[in-house]
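**Q** Following is a predicted model, sequence given first.
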Amino acid sequence: MSKIMTVDVLSSIKGAQPSEAVNKLFDVIKNAQPTNNNSFNDNHNNGVSLNDLRDDVVIESSAIEKQIIIENFPKSKNGYLVVSKVIEE
Amino acid sequence: MDSQIKQLHQQLVNKDISCTTLIQERLDALKTNTNNTVNSLLDTLALELAAKVDAKIANGETIGLLEGIPFGIKDVYMVQGTYTTASSDLLKNYKSAYTATAIQKLLDAGAIPLVKENCDSFGHGSSSENTIFGAVKNAINPDLVGGGSSGGSAVNVAKDYTVFSIGGDTGGSVRQPAGYNNVYGLKPTYGRISRFGLMAYASSTDCVGPIAKSVEDIRIVLNVMSGKDGKDQTTYASTEISEENISNSRDIKTIGYFKNFIESEAIDPKIKDDFLATIEKIKAKGIEVKELDFFKSDILVSTYYTLAMAETASNLSRLDGSNYGNRIEDKNLKESYAVTRSENFSEETKRRIVGGNQVLSQGFSDEIYLKGLALRDSISANFENDFKEVDIILSPVTPSTPPKIGDSLKDPHAMYLSDAYTVGFSLGQLPTLTAPQGTETGLQITAAKNNDELVLKFANFLKDTL
């Protein structure tokens, strides 16, 4: 995995380049000093506790939900999603 | 202003107005409005629901407080069977397969959705100009921006097209347009309202936020939408906020404000003077006011955007035209992804996705992304210390007044800096309300995490004081 990927490849956006406006924001971060170097403390722990996980059960989608999901397919055949070609690299 | 919800409820119960008439009038106003607030009208659904409310009243049945009350929905919320475009080319024909929890709770309470509202595409912007439906025009002066990203929602409330609207606030997207259009807009504590069915922009700060013309209407709508939801594991159980509990402010003894916000060179002199005059009026009521130290505005803005861009790069990676959206075919799947995303995202969205991928990439992640996370923790710790000293933090909503339509698009960096006063509270996941008083773009009232009640209480105090 030593291959270097450019931001346009990483972002799947053709010809994309880093912007000056955004780089200015990053420069501020590079020069800023956090008062606390532990980035994994409890301040932002919004996750659910292990004792409170929801049941691991399959919930069947309603008929209308399934119908709308299929309607949203950009291209479909016999109710299946069609894509152009599978990547083989 | 008193509660419009209660006033309309009484008119419906007294049969002074029929629900169908009420809904039809609001739909007509939305249809002919020239502020570009509408992405799609939900007229058929709204009129069907109105007829049911009228039938209930005619049968002598009791109706709930929200039953028959017209509201608007920012076009980033799923409502089953309606178009949910995020104001983007990519999703301009996308239909929601399911309904967002927050919206479902309002529907269950009988509120009637009228409109999917114009906004910055995927919430990316502070002006509601980054949209395929035309820039939202300010309710007070149509030459100015409506504010963003929930601009259509704020303008609809300000112009009385909707009684309340549901926006979404990530870095200030409810509070800033509320300030620009002189209405109330709340970002509740992160996790108080389920995000299930809200299109994800930056998941660690996205919040569902009500916009209305009175504190009481904000309270009513907040109570209905709040609660733990198994479909959003970041939600928590909260207690209902009663009207009685927010009606007097006797227990608010001390407030604070960040002196660097006010001493900044970037603040409009009129906003500064008005803010300081407000502080004096509060002191005159016997409340102690403390000056607080805080991070520089440019650090707040940079920390917020670094983390928000990283999260949006990840969240929007699912939008490639394969299973929904406007797919553009190319020679293979990978090229189809790239062309689809290049052609269908706005310039602002692409700028943020690329920025996000930059900070998440090897070589940058330690220097910028991880440091951004550490800064966020420092900011949060700072707030925790502040709220040991003061009950409420008061600040202007924005450093300056709304720009003219077109100006923000020319200078994205200036647009990012215009969020200087709102983004810090988002990073702290704190409850924050815009009150349309005190400065031209309002005042921001913030309390400690989970203390939304105190925010509304202080808003009532300001209403009676200023």
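**A** Noted; the coordinates are in hand.
**Q** Can you give the strand pairings for the helix or strand hosting residue B:434, parallel or anti for each?
**A** Here residue B:434, judged by DSSP states H and E, is contained in strand B:432-435. If you go by DSSP bridges, strand B:432-435 pairs up with strand B:184-187 (antiparallel), strand B:443-446 (antiparallel).
**Q** Mind checking the ones you listed for the one nearest to residue B:460?
**A** strand B:443-446 (10.3 Å; C-beta to C-beta). The C-beta positions use only the backbone N, C-alpha and C, and glycine is treated the same way.
**Q** Would you indicate which residues of the helix or strand harbouring residue B:338 are buried?
**A** Secondary structure from DSSP H and E places residue B:338 in helix B:333-344. For helix B:333-344, the neighbour count (16 or more other C-beta atoms under 10 Å in any protein chain shown) marks B:333, B:334, B:335, B:336, B:337, B:338, B:339, B:340, B:341, B:342, B:344 as buried.
**Q** Distance-wise, check the residue nearest to the last one when sequence neighbours are not counted relative to chain A.
**A** It stands for residue B:344. Once flanking residues are discounted, residue B:344 sits nearest to residue B:90: 3.7 Å by C-beta to C-beta, 6 or more residues apart in numbering or on different chains. Per C-beta to the nearest C-beta, to the nearest Å, residue B:90 is found 11 Å from chain A.
**Q** now swap in residue B:444 and tell me
**A** Residue B:444 is 21 Å from chain A, by C-beta to the nearest C-beta.
**Q** how deep is that residue tucked in, by neighbour count?
**A** 29 (other C-beta atoms under 10 Å in any protein chain shown).
**Q** Number of residues surrounding residue B:369?
**A** 22.
**Q** secondary structure class for it?
**A** Assigned by DSSP: H, G, I helix; E, B strand; the rest coil, the conformation of residue B:369 is helix.
**Q** my guess is it contacts residue B:309, does it?
**A** No - Residue B:369 lies out of contact with residue B:309 (C-beta atoms under 8 Å); the separation is 9.5 Å.
**Q** so what does whichever helix or strand comes after the helix holding residue B:338 touch, helix or strand wise?
**A** Following helix B:333-344 in sequence order, the next helix or strand is helix B:347-360 (DSSP H and E). Applying 3 or more C-beta pairs under 8 Å, 6 or more residues apart in numbering or on different chains; DSSP states H and E, we find helix B:347-360 packed against helix A:7-11, helix A:20-31, helix B:297-315, helix B:333-344.
**Q** Go ahead and produce PDB holding the CA coordinates of helix B:347-360.
**A** Below are the C-alpha coordinates for helix B:347-360, written out as PDB (Å, rounded to 0.1, in the frame of the first residue of the first chain):
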ATOM      1  CA  GLU B 347     -18.200  23.900  -5.500                       C
ATOM      2  CA  GLU B 348     -18.500  24.300  -1.800                       C
ATOM      3  CA  THR B 349     -19.300  20.700  -1.200                       C
ATOM      4  CA  LYS B 350     -16.400  19.600  -3.300                       C
ATOM      5  CA  ARG B 351     -14.100  22.000  -1.500                       C
ATOM      6  CA  ARG B 352     -15.100  20.400   1.800                       C
ATOM      7  CA  ILE B 353     -14.800  16.800   0.600                       C
ATOM      8  CA  VAL B 354     -11.300  17.500  -0.700                       C
ATOM      9  CA  GLY B 355     -10.400  19.300   2.500                       C
ATOM     10  CA  GLY B 356     -11.700  16.400   4.500                       C
ATOM     11  CA  ASN B 357      -9.700  13.800   2.500                       C
ATOM     12  CA  GLN B 358      -6.600  16.000   2.900                       C
ATOM     13  CA  VAL B 359      -6.800  15.900   6.700                       C
ATOM     14  CA  LEU B 360      -7.600  12.300   6.900                       C
END
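**Q** Any buried residues in the helix or strand following it, and which?
**A** Scanning forward in sequence from helix B:347-360 by DSSP H and E, the next helix or strand is helix B:371-389. Of the residues in helix B:371-389, B:371-383, B:386-387 count as buried by neighbour count, 16+ other C-beta under 10 Å.
**Q** which ones among those come in contact with chain A?
**A** Near chain A, judged by C-beta under 8 Å from any C-beta of the partner chain, the entries from the buried residues of helix B:371-389 are B:371, B:372, B:373, B:374, B:375, B:376, B:377, B:378, B:380, B:381, B:382.
**Q** Any chance of these in CSV with pLDDT and distance to residue A:69 as columns?
**A** Formatted as CSV, those follow (pLDDT from 0 to 100; distance: C-beta to C-beta, whole Å):
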residue, pLDDT, distance to residue A:69
B:371, 94, 40
B:372, 95, 36
B:373, 95, 35
B:374, 95, 41
B:375, 96, 40
B:376, 96, 36
B:377, 94, 39
B:378, 95, 43
B:380, 95, 39
B:381, 94, 44
B:382, 96, 45
